[in-house]
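Participant: no sequence for this one, just the structure:
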Ligand SMILES: Cc1ncc(C[n+]2csc(CCOP(=O)(O)OP(=O)(O)O)c2C)c(N)n1
Ligand SMILES: [Mg+2]
């Protein structure tokens, strides 16, 4: 059975991040990158609907899972193999809002592919972001190879590979997990379970509730975490990183999230979502990973005099993380 850690114990409101070993500055940085990812994403939708750019694939709703997990890694020495929704991950690892826009508009200066790839196909050797392709789940095999290389070179670098729960139905996922388990690779599997693979709901993808249960079959731990809770995501990943650096092998983290948008700007989710579908109430605390009614998010808003997308976008020109 997978270990259930749906929440990390809150040890008192605003100081919760401190109980996890995060300074105020680190916690604010985490929140800032989440807001930046959301702000860029919202701007892309507007531009797309104006007909000025052809394609958006959205991170909205998944920022907590992305930034919380990436924040437990060391940008510059650890590696990430993100998938197309992972704006929060690549921003944490040093991409900028400008870089995202250069990719979005397919400009030559785009650091990912000089504008040759679709948006969401991230990659930067300099920033330790493994280049991804379009077939889903291939990144898991690439990441297993990367983690094997780190092990053979006796580096203590950890690799985190990101994927959706639909991609977990691909054979590549089995092969990567099996290999990583056998060789005790320093690889963290982060599944962002948003309940859908385009229009296909989870109940049509797997006959179990928690993908994390599968980890036992590969010989390593599986953890379920609330993907709306950025600090819980940070904490379970921190534990997985420590385990990986001790040479004890992989961990599968399943972050339960919700895709706030359609699959992409070319999809109409009203055609397949049920009107009575259960979903987090974005107006309630914990319903939206980026909402800031308590804790560090609220403090950031207080110090900035409100949530200012423009300022966050300008800050995005600097290197976060
Ligand atoms: C091998 C392969 N099959 C099908 C597709 C088409 N496709 C693109 S995204 C996607 C859904 C993936 O769902 P999931 O892994 O849950 O990620 P999510 O989009 O929900 O974040 C599919 C089927 C693809 N890109 N690659
Ligand atoms: Mg999915």
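Facilitator: Arrived safely, thanks for sending. Source: prediction; values computed, not measured. Ligands and ions are numbered 1, 2, ... in the order given.
Participant: per-residue pLDDT, residue 287?
Facilitator: The pLDDT attached to residue 287 in the predicted structure is 87.
Participant: And residue 42, by the same measure?
Facilitator: Looking at residue 42, its pLDDT reads 98.
Participant: Equivalent analysis for residue 230, please.
Facilitator: The pLDDT attached to residue 230 in the predicted structure is 95.
Participant: Next: residue 221.
Facilitator: In this model, residue 221 is scored at 98, pLDDT.
Participant: which SSE is the residue in the stretch 201-321 of the chain positioned nearest to ligand 2 in?
Facilitator: Going by C-beta to the ion, ligand 2 is nearest to residue 259 of the stretch 201-321 of the chain, at 6.7 Å. Heads up, the C-betas are built off the backbone N, CA and C, glycines and all. Under the assignment given by DSSP states H and E, residue 259 is not contained in any helix or strand.
Participant: What is the neighbour count of the residue of the stretch 51-200 of the chain found nearest ligand 2?
Facilitator: Using C-beta to the ion, residue 164 is the residue of the stretch 51-200 of the chain that sits closest to ligand 2, at 3.5 Å. When counting by other C-beta atoms under 10 Å, one arrives at 24 neighbours for residue 164.
Participant: Quick check on the residue of the stretch 151-300 of the chain at minimum distance from ligand 1: phi, psi?
Facilitator: Each residue of the stretch 151-300 of the chain has a distance to ligand 1, by C-beta to the nearest ligand atom, and the smallest belongs to residue 164, at 2.1 Å. The phi and psi values for residue 164, taken as degrees, to the nearest 10, are phi -90, psi 160.
Participant: Just list whatever residues bridge to it.
Facilitator: Here residue 164 shows beta-bridge partners residue 192, assigned using DSSP bridges.
Participant: List the contacts of it.
Facilitator: By C-beta atoms under 8 Å, 6 or more residues apart in numbering, the contact list for residue 164 reads 83, 85, 136, 191-194, 197.
Participant: of all the residues you listed, which comes closest to residue 227?
Facilitator: Compare each of the contacts of residue 164 with residue 227 using C-beta to C-beta and the shortest gap goes to residue 192, at 6.5 Å.
Participant: From ligand 1, how far off is residue 134?
Facilitator: When C-beta to the nearest ligand atom, to the nearest Å is applied, the distance between residue 134 and ligand 1 equals 5 Å.
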